[in-house]
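Asker: only geometry, no sequence info:
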């Protein structure tokens, strides 16, 4: 492998993209979305 210039592919480390703060309150429901079904399909 060394003579042909090939190298092993290293595994990427898991990156944390969201840090939820337990003390924060969630955003208010400004659109008043109601997803309850009136009757089954």
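Answerer: Good, I have the coordinates. Bear in mind the structure is a predicted one, so any value in this text is a computation, not a measurement.

Asker: quick one: low-confidence ranges for the chain?
Answerer: Where the chain drops to pLDDT under 70, the residues are 1.

Asker: all strands of it, in order?
Answerer: With DSSP state E, there are no strands along the chain.

Asker: can you pull out the helices in this structure?
Answerer: Using DSSP state H, no helices are found in the chain.

Asker: give me the neighbour count for residue 19.
Answerer: 5 (other C-beta atoms under 10 Å). In this view, the C-beta of every residue, glycine as well, is placed from N, C-alpha and C.

Asker: that one and residue 25: what is the separation?
Answerer: According to C-beta to C-beta, to the nearest Å, residue 19 and residue 25 sit 16 Å apart.

Asker: before we move on, what about residue 38?
Answerer: Between residue 38 and residue 25 the distance is 30 Å, computed by C-beta to C-beta.

Asker: next, give phi and psi for residue 38.
Answerer: The phi/psi pair for residue 38 (degrees, to the nearest 10) reads phi -70, psi -40.
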